[in-house]
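**Q** Quick one: sequence and predicted model below, then my questions.
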Amino acid sequence: MLEQSMSEQDEIRAIMQMVPHRYPFLLVDRVLECIPGESITALKNVTINEPFFQGHFPGQPVMPGVLILEALAQAGLILGMRTMDADDGTIVYIAGIDKARFKRQVIPGDQLHLKLSIGSAKKRLWKFNAEAWVGEQLACRAEMMAVPGAP
């Protein structure tokens, strides 16, 4: 059995403090890089054990596009929380998604790299440029809007 290092355990705890979702809906496994106010790169390991693969699609499992967008939104939430340095229970909510395009199927065994940058930030509205990559292949691209709000 592999042992998880203390820093990895601390990292998932930190993610769970910022993202209110839990299994099976917590879709960020790790933050690879976060520059508050600028960008984030996070990771979702896609395994055959994901509950959505039972019905999407039997015999040919494909991660639903809306869940790729949700994984990107959760990474954006982490970027927003770290940018605001919020530990008061503030949550960043998705206000809109534009120009979503899916370029490649995401299947079991893929590592989904979630890359977001802040396009613009006003007091109550942030715009993110979001991309999901598998290796060197773009899987999804979208523009996302988010607003911070009370829990």
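**A** Cool, got the structure.
**Q** give the contact list for Lys99.
**A** Residues near Lys99 by C-beta atoms under 8 Å, 6 or more residues apart in numbering: Arg141, Ala142, Glu143. All C-beta spots, glycine's among them, are computed from the backbone N, C-alpha and C.
**Q** change it to 7 Å
**A** Counting by C-beta atoms under 7 Å, 6 or more residues apart in numbering, Lys99 touches Ala142, Glu143.
**Q** For it, give me phi and psi.
**A** Per-residue torsions, Lys99: phi 50, psi 40 (degrees, to the nearest 10).
**Q** And it, how far from Glu143?
**A** 5 Å (C-beta to C-beta, to the nearest Å).
**Q** buried ones in the longest helix belonging to the chain?
**A** Counting by DSSP state H, the longest helix found in the chain is helix 65-84. For helix 65-84, the neighbour count (16 or more other C-beta atoms under 10 Å) marks 65, 67-83 as buried.
**Q** What of stretch 134-141?
**A** So stretch 134-141, judged by 16+ other C-beta under 10 Å, has buried residues Val134, Ala139, Cys140, Arg141.
**Q** and it, how far out from the chain's middle?
**A** 14 Å (C-alpha atoms, centre = their mean, to the nearest Å).
**Q** what mean pLDDT would you report for that stretch?
**A** On average, the pLDDT along stretch 134-141 is 99.
**Q** Could you do stretch 38-50 as well?
**A** The average of the pLDDT scores along stretch 38-50 is 97.
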